[in-house]
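S.K.: The following block contains a protein sequence and its predicted model.
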Amino acid sequence: MLKKQTLRFLVLILALLPLLGALAQGASAATSRVAVVKELKGSVKVKKAGGSKEFTAFAKMSLNEGDILIVGEGGSAVLQFANGTSEDDQMGVSSNTTLTFSKLSDRNGTTTKVSMLKGSVWSSVKSIKNKDDQFTLETPTAIMGVRGTNLFVGVDPLTGESKFFIASGVGQVTPKAANGQDPRNSYFIYPSQQLSLDDSQSGDLQGNIIPVDLDSLIRNVSPKIIEEIIKSKAAIDKENEDFINKQKQLLENGGQAETNTTLDIKTLSDLERISRNLDNLISNLVKKAIDNNIVNKDAIKKIVDEANLNLAKKINLDNVQPLELTDKEKAKQAEILKKLKEKEDQLKKQKELEDAKRKQEELLKKLEEQKKKTQDANKAAEELKKKKAKEEYEKQLAEVERKKFEEENKKREEELKQQQQTASPSPGTGSGGGGIVTPPVTLPDGITGLSITNGSQSLSLKRSNSFYKQYSVNAGANASSINVQFSFGSDVTKVELMTLNSEETMPTVTTWSTSGEIKSISIPNEGYNVFSIKVSKANPLQSEFENCSILYVLRGVSEPVWPNANAAFTLYPEGEDEQSISLDQNFAAVVPAEIGTIYLVPGFTENETSILPSRILVNGVELNNMYGFFIELNFGVNQVIYETEDMSGYYTHAYSFTITRAAKPTGVLSWTINGQENSIQPVSGYYGSHDARFSASIANTETNLTTLKIELVEGIRNAYLQVNYEQENVDLEGGINSISLPVENNAYNKFVLVIGESSFELMIKVGEPEYAFLYAGGIEASIYRDYAEYYQAIYAEDSSFFVGLPTGTEDVEFNLHNFLGNLDATTNDIRFIWHNAEIKRPWYSEGSNYYYIQGLENGVNSVTIIYDPFHNGTGKTFRLWIYVGEIPNSLALSSISGTLGESSVLHEVSDYRNVEDFTFTGTLQQSGQVTLNLVLNDSSSNLDLSLYDENDDSLTVVKTSQGHYQVKWKVTSFVWAQIFSFVVVDNQGRRIKYEVVFPGNPA
């Protein structure tokens, strides 16, 4: 009895231990510093101090000294620091960020030390009240200490570079050295400045402090960071106002502004410029975030409107004044950004090489695994075959004969063992879905004719599909020589045929100096006889290795036994640790909708030669992929032809098989929009952040609602629909679910269906999408000379844009964006065509729309831009004209004049070809009818008169003669700005838009 009571007591104590620990921790927390999870979204994990297990974070969870916070892809968190019940500092944590709370203490001053391995954070620091208080953020390359500051710190995921940006207050950055940091090498950063550094930089880094570059700053931040910055603006404005007033007082008292600042404040005029920049800083940052699709414009505008209610200096996204930089600051910024871009390009190439190497290693590993499986299977089949043959033979023997056979067989096995011989794999079981392929023959460069005969028999010459300069003929089993005739033009001096067989100690070279000669060539070996063909030309620069080709002459070589398709190669869905896809007896397979890509791993022939492809055709298009044999699947039936050949390219074989990709997500029995059958269709050619995309088109609705009816299999789990950009979820269950979806008219509307680990986009086009944001400055060009320069493309009507760039511009980067309903169009929705080839986005524009083109020429260049989220040709096509150096002759004006009554109202134009200025200005002193006379430089060009209403009495545009136009424009007010636009179109369809602007005269 006593033992039972003791046991119960121990069990009770053990059960209460976690509670006692929690109470103890709670008591301790009241007197120590903590970080509390105020908000969180997506994947946020916590690893407690000293532990190895990760826990899912939750709102109001306390983080203590030594804890580690891990924010995953697409996640974010907001942390509130506190001493007991007194809250102070706040930190917004971006996705893909790992933080360690190195020290949290309220003894002898408030101390907050946070280490960031990767990612980015925004911090608003309020805990610094005296000299004993500390707030530091540590990255792999530096440590930043702050004094009452709003700041951003990030670690670039590609370069590993640390970036520090101060919005208000002062930051002190100390680079790390091999033996720790040296305070004597600290650098102060002031409002609107940034400092980037990596572990390879040394010496004086003062020159690395530059005005903030907002494009690179926001590249890897989450929308939550932008929200937190907006919410911090009141504190930022207050701190910056104090800073400006302090510097102003120093200047007015005859002194200088703080001497250790890199803001270069020498005069009150300098200070006023800095003050304007600080006032406009957050507005510029938010605008950049919108332009780069970091945030949704409508969502962020709500947050801005809420913040503006309590702001004296409001955020005005409709009139954002750019930051004013001096020429010195621009040059310095451009220099640093150029170095950064060079490093990024270098690391990008290195990463591509590493990825290629890794994928090749993975492919080789698969090949080795497949080879071993094939060898094991063949060996097992051979052993089984031998065993069965032995058993059958034994049955036919008498007892004495059987014993004699056993003895001889045992002796034979011992001999084989001693000789370390192994049995050859058994032959394959047939070609299976194959056929012979005869590729067309293209002769080596310089050769006009090549004839090879075996006596009187002409031999068929074949060219390898795998190797462009490899040829082969089959001389037969008994041939010992062949006759070769080369024909060539006058630019060729000679042709040499050299033996390459390893059996020969010295190669034999046969030379043709005259076109049409016939020479006898020995083929001494059975098997493959290898020769090189070298063509020498009169120009020695054209006689290098690239004019060498390989010729295989087969003697007694039979066609390989090609295995069937399931043995010739193995199919895998894209992803790690996936099961292979088996073809059925009809060489076909079916895969679910979420599998958009598969890759092929070649097998082996009977002599263990890898069946590498010479060509792969997918739905009639040849596959070209340097990283392996990856196949992107359309929905429905995909026809794949896998061609292979022997080492010479003489014997070829083709496997044909089909892969059918399901047209609905796994678990979906049916789904419709507004009850219309087949209203939802899969989108082929989409390879974005989700597993698949599906589309539907409906007419505009009066209620801005549409109904999705979706039937799911019974027992389905973890199924839901994200119905808007705020990712509000509607849970789904087995059976029929009916959901009312909010949609915007004349727009694309995106929703995300999640089933288990897979996610699918449902894109609903309502009416005909409008591209208002694109027309209103949605295409920006940037070039890098001494510093970054930005140029806005102008909409010239009729689905055309144009942009003018300075003389000599060869490279340009375009940033495109447009909001189509709740769809922020990205590279998954846009095709960018340059020189008849599609330009792919660079590595750093994941989810954005950066396109980099090279090779611009002075004059006219053009790009085709296709917005097509459905990937079916139903989208919108635009033409972008790029005018480099000057306005083309055919689009320029010869003259323009304007009068109101007897007075001239237009300013004199000095240059009608200025590619960076398309505006003619003037001055009005009164209202009335303005007459404009326009003369085009090229009389074959025209004004686009379709832009004007013939019934508009206030504006008439008339063509008076070829290339001459007169405009009658009734101006009812000269107080406010008046603008008249006109578009010139030449006979090649190129367009340009000009404006006549009277700024207004309120005085």
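M.R.: Cool, the structure landed.
S.K.: how near is the nearest residue to Glu916 once chain neighbours are set aside to Asn914?
M.R.: Leaving aside its chain neighbours, Glu916 sits nearest to Gly804 (5.3 Å; criterion: Cβ to Cβ, 6 or more residues apart in numbering). In short, each C-beta sits where N, CA and C put it, glycine included. Using Cβ to Cβ, to the nearest Å, one gets 8 Å for the distance from Gly804 to Asn914.
S.K.: These two: who's more crowded?
M.R.: Gly804 (22 against 14; other Cβ atoms under 10 Å).
S.K.: so that one is in which element?
M.R.: Assigned by DSSP states H and E, Gly804 falls within strand 800-805.
S.K.: what angle separates the following helix or strand past that strand from strand 800-805?
M.R.: Later in the chain than strand 800-805, the nearest helix or strand by DSSP H and E is strand 811-816. Counting by axes from the mean of the first three to the mean of the last three Cα atoms, to 10 degrees, strand 811-816 lies at 140 degrees to strand 800-805.
S.K.: rewinding a little: which neighbours do Gly804 and Asn914 have in common?
M.R.: Residues touching both Gly804 and Asn914 (Cβ atoms under 8 Å, 6 or more residues apart in numbering) are Ile887.
S.K.: Can you spell out the domain ranges of the chain, please?
M.R.: Listed domain ranges for the chain are 33-220, 372-418, 427-662, 668-766, 772-884, 889-998 (source: automatic domain parsing).
S.K.: what sits against Gln90?
M.R.: Lys38, Val78, Leu79, Gln80, Phe81, Ser123, Ser124, Lys126, Glu228.
S.K.: Report the buried members of those residues.
M.R.: With burial judged by 16 or more other Cβ atoms under 10 Å, the buried subset of those is Lys38, Val78, Leu79, Gln80, Phe81, Ser123, Ser124, Lys126, Glu228.
S.K.: Backbone dihedrals for the third one, both of them.
M.R.: Yep, that's Leu79 we're talking about. With angles defined as degrees, to the nearest 10, Leu79 sits at phi -110, psi 140.
S.K.: May I see the buried residues of the longest strand anywhere in the chain?
M.R.: If you go by DSSP state E, the chain has its longest strand at strand 162-177. Residues of strand 162-177 classed as buried: 162-176 (neighbour count, 16+ other Cβ under 10 Å).
S.K.: Surely Asn634 touches Val683?
M.R.: No. Using Cβ atoms under 8 Å, Asn634 is not in contact with Val683; the gap is 9.7 Å.
S.K.: So for these two, which sits in the more crowded spot?
M.R.: Under the criterion of other Cβ under 10 Å, the comparison of Asn634 against Val683 puts Val683 first, with 20 against 16.
S.K.: Identify the spatial nearest neighbour of Gly898, chain neighbours not counted.
M.R.: Nearest one to Gly898, counting by Cβ to Cβ, 6+ apart, is Leu906 at 3.9 Å.
S.K.: helices or strands up against whichever strand or helix holds Leu932?
M.R.: Assigned by DSSP H and E, Leu932 belongs to strand 928-936. Strand 928-936 is packed against strand 893-900, strand 942-943, strand 964-971, strand 978-985, with contacts defined by 3 or more Cβ pairs under 8 Å, 6 or more residues apart in numbering; DSSP states H and E.
S.K.: Let's see that with 10 Å instead.
M.R.: Here strand 928-936 touches strand 893-900, strand 942-943, strand 955-961, strand 964-971, strand 978-985, strand 991-998, going by 3 or more Cβ pairs under 10 Å, 6 or more residues apart in numbering; DSSP states H and E.
S.K.: From the contacts of Gln90, which land in helices?
M.R.: Among these, the subset assigned to helices under DSSP state H consists of Glu228.
S.K.: Among the contacts of Gln90, show me the least confident.
M.R.: Lowest pLDDT of the contacts of Gln90: Lys126, 85.
S.K.: Verify the contact between it and Ser168 for me.
M.R.: No. Using Cβ atoms under 10 Å, Lys126 is not in contact with Ser168; the gap is 11.9 Å.
S.K.: between the buried ones among the contacts of Gln90, which is nearest Asn564?
M.R.: Closest to Asn564 out of these is Val78 (59.3 Å), distances taken as Cβ to Cβ.
S.K.: Who is the closest one paired with across the strands?
M.R.: Per DSSP bridges, the residues bridged to Val78 are Glu39, Gly92.
S.K.: which neighbours do Asn634 and Val683 share?
M.R.: Common contact partners of Asn634 and Val683 (Cβ atoms under 10 Å, 6 or more residues apart in numbering): His871.
S.K.: okay, and the helix or strand of the protein with the least pLDDT?
M.R.: Using mean pLDDT, DSSP states H and E, helix 2-29 stands out as the lowest-scoring helix or strand of the chain, at a mean of 37.
S.K.: What ranges does this protein have for its helices?
M.R.: Counting by DSSP H, one finds helices in the chain at the ranges 2-29, 214-217, 223-231, 233-252, 268-291, 297-308, 327-395, 399-418, 565-568, 772-775.
S.K.: Cool, thanks, signing off.
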